[in-house]
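Chemist: sequence below, structure please.
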Amino acid sequence: MDVETSALEEFVVGFVPTVFYLPDYVTAAEEEQLLNNIYKAPISKWRTLKNRRLQNWVPPWLEHVTHRIYAESKLFPSAINHVLINEYLFDQGIMPHQDGPAYVPVVAILSLGSPVIMNFTPHQSFKNAGGMTGINNDTISESAPSHMNESLSEHRPFSVALMSRSLLIFKDAAYSDYLHGIEDSELQLYDEAINVNNALLGDGQVPAISDLKIVSSSSEYGGGTIIHRTGTRISLTCRVVLKVHKSLVKLKI
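Modeler: Next up, the predicted model:
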């Protein structure tokens, strides 16, 4: 799909005006080609972590995608120069975190394969301001949020359903004032995602792919609808590194 900058506002989801969700950003054929290229990469390109494995590079076959995101979104100040290729199995996620000050405060996530729910949680400072218990400080970046005096009502949690082939972009307050993460669970609540009821999930709302199973009346989830993750998800996290130093051994992931 072609995305004109003037029309990007129609892809805003939820109450935070800097969260954009674009369904079916790549075609099924493009998704297949991307996955083929990812899994053709040498084993040396993969780094294995506790809950997932990843590749950290921008290979030539990926540049046309990163250039397209940069050119069409017009939200990045320069060409995308940093891509993390994350592989998540059916029960793997990532702890709530911020991407940190090493990057320009805008990130685009292209999702391939199995759908998943991404949760956004207000930064610790806002939770404390509202009298709520906090998330473990180990999950929080050293960078402070930009609006320290905002009320909790203006910084409430939300979730986004990331369907296969979709593109999620978030920036500014959504980048600095929230943590984002995915639960380590094969079952994830679907009903409350902010893009479920606004015709932005993609073809036919619920894609007819084997990795997605909608199970209603789950007692564990209060009778709501859940996503049953049965396959592997690949995410391409696209960012701009502000400045690369030789002494910068490890970027925050």
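Chemist: figure out the helix or strand that the spatially most central residue of the chain lives in.
Modeler: Taking CA atoms, centre = their mean, the centroid of the chain lies closest to I109, which sits 4.8 Å from it. Using DSSP states H and E, I109 maps to strand 106-113.
Chemist: so what secondary structure elements neighbour the helix or strand just after that strand?
Modeler: Helices and strands here follow DSSP H and E; after strand 106-113, the next one along the chain is strand 116-122. Here strand 116-122 touches strand 158-162, strand 178-182, strand 187-189, going by 3 or more CB pairs under 8 Å, 6 or more residues apart in numbering; DSSP states H and E. Where you see a C-beta, it was placed from the backbone N, CA and C, and this is true even at glycine.
Chemist: chain center to the last one: distance?
Modeler: A distance of 16 Å separates the centroid of the chain from that of strand 187-189, by CA atoms, centre = their mean, to the nearest Å.
Chemist: averaged pLDDT, that strand. What do you get?
Modeler: Mean pLDDT, strand 187-189: 86.
Chemist: now swap in the first one and tell me
Modeler: Per-residue pLDDT values across strand 158-162 average out to 94.
Chemist: helix or strand right after that strand?
Modeler: Defined by DSSP H and E, the subsequent element after strand 158-162 is strand 167-171.
Chemist: contacts for the helix or strand containing E31 next, please.
Modeler: Assessed by DSSP H and E, E31 sits inside helix 28-40. Around helix 28-40, the neighbours that count as contacts under CB atoms under 8 Å, 6 or more residues apart in numbering are 26, 55, 59, 61-62, 65, 85, 112-113, 164-165, 234, 236.
Chemist: in that helix, what counts as buried?
Modeler: E31, L34, I38 (16 or more other CB atoms under 10 Å).
Chemist: what does stretch 94-101 give?
Modeler: I94, P96, H97, Q98, D99.
Chemist: likewise for stretch 55-75?
Modeler: Q55, N56, V58, L62, V65, T66, R68, I69, Y70, E72, S73, L75.
Chemist: what's the answer for stretch 40-57, then?
Modeler: R52, L54, Q55, N56.
Chemist: does E72 count as helix, strand or coil?
Modeler: Following DSSP: H, G, I helix; E, B strand; the rest coil, the label given to E72 is helix.
Chemist: any idea how far it lies from Y25?
Modeler: Computed as CB to CB, to the nearest Å, the E72 to Y25 distance reads 9 Å.
Chemist: which residues touch the closest residue to D172 other than its chain neighbours?
Modeler: In space, and not counting its chain neighbours, D172 is closest to T18: 4.5 Å by CB to CB, 6 or more residues apart in numbering. When contacts are counted by CB under 8 Å, 6+ apart, T18 touches F170, K171, D172, A173, A174, Y175.
Chemist: surely L22 touches R165?
Modeler: No: taking contacts as CB atoms under 8 Å, L22 lies outside contact range of R165: 9.7 Å.
Chemist: hang on, the earlier thing: rebuild the contacts of T18 as TSV, extending it with neighbour count and pLDDT.
Modeler: Shown next, in TSV, are the contacts of T18 (neighbours: other CB atoms under 10 Å; pLDDT from 0 to 100):
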residue	neighbour count	pLDDT
F170	26	96
K171	20	94
D172	15	91
A173	19	90
A174	21	93
Y175	22	93
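Chemist: which among those residues gets closest to S185?
Modeler: F170 (22.3 Å; CB to CB).
Chemist: partner residues bridging that closest one?
Modeler: In this entry, F170 is beta-bridged to V19, V107, by DSSP bridges.
Chemist: sorry, back to before: could I get the helices and strands packed on strand 116-122 as TSV with distance to V104 and mean neighbour count?
Modeler: Below are the helices and strands packed on strand 116-122 laid out as TSV (distance: least, CB to CB, whole Å; neighbours: other CB atoms under 10 Å):
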stretch	distance to V104	mean neighbour count
strand 158-162	21	25
strand 178-182	16	21
strand 187-189	29	20
